[in-house]
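Undergrad: Coordinates for the following, if possible.
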Amino acid sequence: MESMAPFLLLLLAISVVHADEGAYIGVNVGTALSDMPSPTQVVALLKSQEIRHVRLYDADPAMLAALANSGIRVTVSVPNEQLLAVGQSNATAANWVSRNVVAHVPAVNITAVAVGSEVLTALPNAAPLLVPAVRYVHSALVAANLDRQIKVSTPHSSSIILDSFPPSQAFFNRSLEPVMVPMLKFLQSTGSYLMLNVYPYYDYMQSNGVIPLDYALFRPLPPNKEAVDANTLLHYTNVFDAVVDAAYFAMAYLNVTNVPVVVLESGWPHKGDPSEEPDATADNADTYNSNLIRHVLNSTGTPKHPGIAVPTYIYELYDEDQRPGAVSERNWGLFDANGVPVYTLHLTGSGVLLANDTTNQTYCIAKEGADAKLLQAALDWACGPGKVDCSVLMQGQPCYDPDTVEAHATYAFNAYYHGMGMGSGTCYFNGVATITTTDPSHGDCTFPGSGGKNGTFLNGTSLAPSSNSTSAQSGSPHSYRDIMQLLQIVGVFLLSLPLFL
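TA: This is a model prediction of the structure:
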């Protein structure tokens, strides 16, 4: 697979970003690879993809040297293992800033320091040192006259927010208030922002089926299937927005209303254990990240703060094969160690696709082993409400053979997929379709997209099965009280009509 088209395509969708304001997409750069590229190779990849914002998990001098004069905006980090020393000594913090920040600016465009990573949940015993560490680092930046251009904050897991749906009832874990209150006051007084890690994948996995996959992936939903906050009447169409707004409401509960949220980590794994992590797939990773990118760069904002950008860093640049834990832990990357894209990102809604010529060489096919009844229902929809021209599947026509539901569904799925511009989510069909780079054309049956030719857009095509479609299904709504009983920790929910797309 050839490399993805430059991320410059992303940035064309937004206005020029001044400093770190406005909508932008960044990428996390982890280094737990057995064959980690050299810093110069990493920066070369960043430049080739026009990635303008990166977050490092440390302040590696070789990486910072490679980033010099690149113009890339860099967030450096105080690793958790250094937090103890930095949080106990102003002099140690000043020395850290001198070695890892002052020594590299202005050649390296450092714009933020992330102090620790999810300290309140990963290292709760170190929580008392978090605010002092943040203050000491900031004091050192003030002394170096860098505090205006470099913000200081600390990344939090969204799990510190309790009762997060409806968002208007969300609050921070009260046992953490001795840390959160002074931390938020610090962010407020220094013009910094709340760094939040938002992972709808984990919310979905932990919800035991309460959170629908479509809701986690930003897939389009009919208005009557959106989640509604009964207190504010705000409608939520995805987990990401609900979690971000829960953070805003949790801050407001502590009388802090002017600290913006920056999502420092978000993404979706492209591979997992098939039996335990069936939704960690390349198609879902493509759908989530593509929709996330479009959502952020369009400055959509959230229901509570519409039009207010939520800058977001995708987790992550590379697959990290040395990470412990589940299979998915090692498979969040956009690229492998050789800089080859793991899957093809698509960006719909702004007329661009995040892929090189390989985008024109992807096809939508029926999943092997898919349920025959679901395939037939999806085929009927594609050839009916989906407005695919299925005449080539008739007896005597070039794509009639092989005369199987799977073969005919593959043609219809692919025709719809290419007809809709290969947009994210248009190769779904209630989970019985998948994307491949292998041309399924055979004999005289030439599939749309074969030879790199795009299909044409289908005018007036509905993006969902009609309400009277034999395969359309709808769930019966639950009351908010019932949902809240189901979701004590996992915040957001939605009951969704399963879509074919």
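
Undergrad: Excluding residues flanking it in the chain, which one is nearest the residue positioned nearest the centre of the chain?
TA: Residue closest to the average C-alpha location in the chain (Cα atoms, centre = their mean): Gly267, at 3.5 Å. Spatial nearest neighbour of Gly267, excluding adjacent residues (Cβ to Cβ, 6 or more residues apart in numbering): Tyr315 at 4.0 Å. (C-beta placed from N, C-alpha, C; glycine too.)

Undergrad: Quick check: the residue nearest to the centre of the chain touching Glu316?
TA: Yes. Gly267 is in contact with Glu316 according to Cβ atoms under 8 Å; the separation is 6.6 Å.

Undergrad: shared neighbours, these two?
TA: Common contact partners of Gly267 and Glu316 (Cβ atoms under 8 Å, 6 or more residues apart in numbering): Trp332.

Undergrad: that older thread, contacting residues for the residue nearest to Gly267?
TA: Contacts here follow Cβ under 8 Å, 6+ apart; on that basis Tyr315 touches 28, 265-267, 332.

Undergrad: count of neighbours near Asp35?
TA: Counted with other Cβ atoms under 10 Å, the neighbours of Asp35 add up to 10.

Undergrad: Not counting its neighbours along the chain, what's nearest it?
TA: That would be Ala337: by Cβ to Cβ, 6+ apart, it lies 4.6 Å from Asp35.

Undergrad: From what I see, Ala65 and Val42 are in contact.
TA: No. Using Cβ under 8 Å, Ala65 makes no contact with Val42, being 11.6 Å away.

Undergrad: Give me the more crowded residue out of the two.
TA: The neighbour count for Ala65 versus Val42, taken as other Cβ under 10 Å, is higher for Val42 (22 against 14).

Undergrad: List phi and psi for Pro448.
TA: Dihedral angles phi and psi of Pro448 (degrees, to the nearest 10) take the values phi -50, psi 140.

Undergrad: Would you enumerate the residues in contact with it?
TA: 414-415, 417-419, 455 are the contacts of Pro448 under Cβ under 8 Å, 6+ apart.

Undergrad: What distance do you get for it to Ala366?
TA: As for Pro448, its distance to Ala366 is 15 Å (criterion: Cβ to Cβ, to the nearest Å).

Undergrad: cool, and Pro440?
TA: If you measure Pro440 against Ala366 using Cβ to Cβ, the figure is 9 Å.

Undergrad: Number of residues surrounding Tyr193?
TA: Using other Cβ under 10 Å, Tyr193 is surrounded by 17 other residues.

Undergrad: Look up how far Tyr417 lies from Thr434.
TA: Distance, Thr434 to Tyr417, by Cβ to Cβ: 11 Å.

Undergrad: Likewise for Arg55?
TA: For Arg55, the distance to Tyr417 - Cβ to Cβ - is 34 Å.

Undergrad: about what we covered before: quick one: the residue nearest to Asp35 and Leu33 touch, right?
TA: Yes. Between Ala337 and Leu33 a contact is recorded at 5.3 Å, counting by Cβ under 8 Å.

Undergrad: tell me, what's touching these two both at once?
TA: 318-319, 321.

Undergrad: still on that earlier bit, doesn't the residue nearest to Asp35 belong to a strand?
TA: No. Assessed with DSSP: H, G, I helix; E, B strand; the rest coil, Ala337 is coil; it does not lie in a strand.

Undergrad: picking that back up, which of Thr434 and Tyr417 has more neighbours?
TA: A direct count of neighbours by other Cβ under 10 Å for Thr434 and Tyr417 places Tyr417 higher, at 28 against 19.

Undergrad: Could you list which residues are in contact with that one?
TA: Residues near Tyr417 by Cβ under 8 Å, 6+ apart: 363-364, 426-427, 433, 435, 448-449, 455.

Undergrad: repeat that for 7 Å
TA: 364, 426-427 (Cβ atoms under 7 Å, 6 or more residues apart in numbering).

Undergrad: Dump those to a markdown table, plus secondary structure.
TA: Formatted as a markdown table, those follow (three-state DSSP):
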| residue | secondary structure |
| --- | --- |
| Cys364 | strand |
| Thr426 | coil |
| Cys427 | coil |
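
Undergrad: Low-confidence stretches in the stretch 51-200 of the chain?
TA: The model of the stretch 51-200 of the chain has no residue with pLDDT under 70.

Undergrad: and Pro106, helix, strand or coil?
TA: Under three-state DSSP, Pro106 falls in the coil class.

Undergrad: Quick check on it: phi, psi?
TA: phi -90, psi 0.

Undergrad: any idea how far His418 is from it?
TA: Pro106 is 48 Å from His418, by Cβ to Cβ.

Undergrad: More neighbours: which of the two?
TA: His418 (26 against 10).

Undergrad: got a list of what the closest residue in space to Thr111 that isn't next to it in sequence touches?
TA: Leaving out its chain neighbours, the residue that sits closest to Thr111 by Cβ to Cβ, 6+ apart is Arg73, at 4.7 Å. By Cβ under 7 Å, 6+ apart, the residues touching Arg73 are 20, 52-53, 109, 111.

Undergrad: go again using 6 Å as the cut-off
TA: 53, 109, 111 (Cβ atoms under 6 Å, 6 or more residues apart in numbering).

Undergrad: Likewise for Ala127?
TA: 120, 179.

Undergrad: again with Val54
TA: Contact partners of Val54, counting by Cβ under 6 Å, 6+ apart, are 26-27, 29, 72, 74.

Undergrad: and it, that one's in a strand?
TA: Yes. Assigned with three-state DSSP, Val54 falls within a strand.

Undergrad: and the gap between it and Leu67?
TA: Applying Cβ to Cβ, the value for Val54 to Leu67 is 8 Å.

Undergrad: any residues in contact with both of those two?
TA: Common contacts of Val54 and Leu67 (Cβ under 6 Å, 6+ apart): Val74.

Undergrad: Below-threshold pLDDT in this structure: ranges please.
TA: For the chain, the ranges with pLDDT under 70 are 1-21, 346-361, 423-424, 437, 451-501.

Undergrad: how is it carved up into domains?
TA: Domain assignment for the chain by automatic domain parsing gives 8-358, 362-452.

Undergrad: Pull out the buried positions in stretch 23-41.
TA: Residues of stretch 23-41 classed as buried by neighbour count (16 or more other Cβ atoms under 10 Å): 23-33, 36-37, 39.

Undergrad: Could you do stretch 160-177 as well?
TA: In stretch 160-177, the ones that count as buried by 16+ other Cβ under 10 Å are 160-172, 176.

Undergrad: Counting only strands, which of those residues make the cut?
TA: Among the buried residues of stretch 160-177, the ones falling in strands (DSSP state E) are 161-162, 171-172.

Undergrad: Can you lay out these as a markdown table showing distance to Asn80?
TA: A markdown table is the format used below for these (distance: Cβ to Cβ, whole Å):
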| residue | distance to Asn80 |
| --- | --- |
| Ile161 | 21 |
| Leu162 | 23 |
| Phe171 | 25 |
| Phe172 | 20 |
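
Undergrad: rewinding a little: in JSON lines, list the contacts of Tyr315 along with secondary structure and distance to Asn145.
TA: Formatted as JSON lines, the contacts of Tyr315 follow (DSSP: H, G, I helix; E, B strand; the rest coil; distance: Cβ to Cβ, whole Å):
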{"residue": "Asn28", "secondary structure": "strand", "distance to Asn145": "29"}
{"residue": "Glu265", "secondary structure": "strand", "distance to Asn145": "30"}
{"residue": "Ser266", "secondary structure": "strand", "distance to Asn145": "33"}
{"residue": "Gly267", "secondary structure": "coil", "distance to Asn145": "36"}
{"residue": "Trp332", "secondary structure": "coil", "distance to Asn145": "37"}
